[in-house]
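Undergrad: Predicted model and sequence below, questions to follow.
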Amino acid sequence: MPSPNTSRLLVVLTILVFATAALVPAAFAQGPYIVGSSNTVTANFPIPRPSTTPCVVTLLNNAEFDNFNPATFTYTPPADCPGPWAAVIFTASINVTPGIQYDRTANFWLGPTPIYFGTTAEPSPDLGPSWYTESDLTELSPLFTTSQPGTADIGNLVNSTYTGIIYATSTLEFYPLAPGQAAPTTANQVYSLSAGPTGGTVTLNTTTDQLSGTFTFPTNVTNAYLDIYSQSQSNDEFWYTCVPNDVAGELESCNNTGFRETEVSLDGAPAGVAPVSPWIYTGGIDPWLWFPLPGVQTLNFIPYRVDLTPFAATLSNGQPHTVAISVYNANGYFSDTANLLVYQDPGFTTVTGATTKNTLASAPNPVTTENLNVTSAAITGNVKTTSNRTFTIAGYVNTSKGKVSTTVIQTVDFTNGESFVINNSIYQQKINVTSNVNSSTTVSPKGQPTVTYVRKQQFPLTFDIYEYVTASGGINQASTSWQTYDVQSSTKQSGSTIYTGLLTNAVSSTDTLEFDSNFDLLGNTDQSSSQLFNNTTSTGVGQVCILTAANNALTSFSSTCPTTTSEAKTAESTAHKRVSAPLVTPWAGHGLIPATGKK
């Protein structure tokens, strides 16, 4: 009986690429949501725009990707909008021609700096998907003040077999400040961890592989944040399906357990932890699960932010420092890059201070339990991997406004429970991943109220893969998936809550593939999916959009979804500003009080 191990999944996906759309109704979406369309859509809200008229810089204009050669461009700052800017928005419109093609990784760079990271939707012979995505890059404003080369990398093989060609148009929108408007707080410097001066991700094959960068920072650093992209690829693409090495053979699954975690170090010492997001691409497990509704963040990844502010005094000492990331349990491979955002004291050219506490261990210590009943006729039971870490990192800097102490307390809880039923007629693997990070950052400025930022992030995944022999001797694979990206945030000043926010992005999908006895694909049945996007804050943001689909076509969208581009762009909200916005916004207002807490 075939089983869904890594090689098995790759075989199935190869078969499905060739078969995908004889089963897909032809449809061409002309707007955000069209009932009956199979075109790629999401419930995500667009980024709100300022009221001013933007200067638009075109990066790509219908660039063609039919090989593995990146497209290049030259970026020049907009002369009519010299900055500072009220907002900088990245946009991309991408489409794939009808045909046979895999999902592809897409990343765009300015110099060595990633400005977009995501994947593409798979096409079919009858459907060429098209979609639009955008990101708020305002915090990276220093990046856009100088001319520099740019690269768009969407590696894509096109030949007589794989025929789908990818096209992309991309812009940067620069919104000038309105009269009397104060400029938003942005990073002063952006440092990138990438493959070189023109960007590129770095491959991390094992736990010991590292992506690193050595920099000499300004001597007046007050805050620092590392935004990490850690994308699973190849043997690690379905890392959440993996099991302990000693049972990988009998369970016919990939090894190194179903646990991965990104580690951050500064000068070789532990500095932070980033959970690995269980992103699923549009060809993942069963491509029919993912259209018209792709998985959570599939088209546009959100980086995970690690707060390095307790190390600000060390970064400011005028010496070179090495920042590195690695992936614990990587097994060929992860594709990584990161941006380090540095904020400087506007009143001092040099700050002093120290890191006063760091209890973070150098590596996680996951615990694996195995409860399997193995006989000559069947294997049943479960395996479970857990990792739990709690740590405190604290430090202070003596700034032009006095001593500012920052304490980061973080609890990282991970559990992956996998159950199996394997015999001559059934292979079932049920996966239940819980991945929670609870963070509390307390900022204590001398002579000012203490502010505490609490952030609770969850990215759980449940996946049931059930293969069984049918009465006719064929094989069906029924798959059910549920993903939720959930962020709860709050801000307290002197113990009183002054801000709360909740962001939820959830996708549920189910489908059944039908194969004959030779494992030739016959079709798919019983497909359905839904997405909920909810973003609410105590400052008045209220965004909710619900989409449903069946038989790989959109069946409904809630009345609260933005129905036109113009409506979406003028919505008064902060929905898709980067969720990774800094936990501490230095120098906002008259003190160190976050701008989000102001009325």
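TA: Thanks, I have it. Just so we're clear, the structure is a prediction, and the values are computed from it rather than from any experiment.
Undergrad: can you give me the strands in the stretch 201-350 of the chain?
TA: Here the stretch 201-350 of the chain has its strands, by DSSP state E, counting those that start in this stretch, at 202-204, 211-216, 221-232, 261-266, 269-275, 304-307, 320-328, 334-344.
Undergrad: need these in a markdown table with mean pLDDT and distance to Gly118, can you?
TA: Yep, even glycine has a C-beta here, placed from its N, CA and C like the rest. Listed next are the strands of the stretch 201-350 of the chain as a markdown table, based on pLDDT from 0 to 100; distance: least, CB to CB, whole Å:
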| stretch | mean pLDDT | distance to Gly118 |
| --- | --- | --- |
| strand 202-204 | 98 | 18 |
| strand 211-216 | 98 | 19 |
| strand 221-232 | 98 | 9 |
| strand 261-266 | 98 | 18 |
| strand 269-275 | 98 | 18 |
| strand 304-307 | 98 | 15 |
| strand 320-328 | 98 | 19 |
| strand 334-344 | 98 | 12 |
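Undergrad: Can you say which of the ones you listed is nearest to Ser400?
TA: strand 221-232 (9.3 Å; CB to CB).
Undergrad: Flag the shaky bits of this structure, pLDDT-wise.
TA: Along the chain, the model assigns pLDDT under 70 to residues 1-31, 564-599.
Undergrad: now the strands of the stretch 201-350 of the chain as TSV including mean neighbour count and distance to Ala182?
TA: Converted to TSV, the strands of the stretch 201-350 of the chain look like this (neighbours: other CB atoms under 10 Å; distance: least, CB to CB, whole Å):
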stretch	mean neighbour count	distance to Ala182
strand 202-204	19	38
strand 211-216	15	30
strand 221-232	25	19
strand 261-266	21	33
strand 269-275	21	31
strand 304-307	24	24
strand 320-328	20	31
strand 334-344	24	16
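Undergrad: Nearest approach to Ile393 belongs to which of those strands?
TA: strand 269-275 (7.4 Å).
Undergrad: Provide the contact partners of that closest one at residue level.
TA: Under the contact criterion CB atoms under 8 Å, 6 or more residues apart in numbering, strand 269-275 has outside partners 226, 228, 230, 261-265, 304, 306-308, 311, 323, 325, 358, 360-362, 364, 389, 391, 393, 410, 412, 414, 435, 437, 457, 459.
Undergrad: Run through the helices of the protein in chain order.
TA: 6-19, 245-251, 312-315, 565-569 (DSSP state H).
Undergrad: contact partners of the third one?
TA: If I follow you right, that is helix 312-315. 217, 221-224, 266-267, 308, 321, 342, 351-355, 395-397, 406.
Undergrad: isn't Gly347 right up against Gly402?
TA: No - using CB atoms under 8 Å, Gly347 is not in contact with Gly402; the gap is 10.6 Å.
Undergrad: Asn156 and Tyr167 touch, don't they?
TA: No - using CB under 8 Å, Asn156 is not in contact with Tyr167; the gap is 10.4 Å.
Undergrad: what about Thr434, neighbour count?
TA: Thr434: 15 surrounding residues under other CB atoms under 10 Å.
Undergrad: list the contacts for it?
TA: Contacts for Thr434 (CB under 8 Å, 6+ apart) come out as 413-416, 458, 460.
Undergrad: Tyr175: how many residues sit nearby?
TA: 19.
Undergrad: Pull the contacting residues for it.
TA: Contacts of Tyr175 (CB under 8 Å, 6+ apart): 49-50, 52-54, 81, 85-89.
Undergrad: Buried ones among those residues?
TA: 49-50, 52, 54, 81, 85-89 (16 or more other CB atoms under 10 Å).
Undergrad: Using CSV, please lay out these together with distance to Asn331.
TA: Converted to CSV, the buried ones among the contacts of Tyr175 look like this (distance: CB to CB, whole Å):
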residue, distance to Asn331
Arg49, 43
Pro50, 45
Thr52, 49
Pro54, 44
Cys81, 47
Trp85, 43
Ala86, 45
Ala87, 40
Val88, 38
Ile89, 37
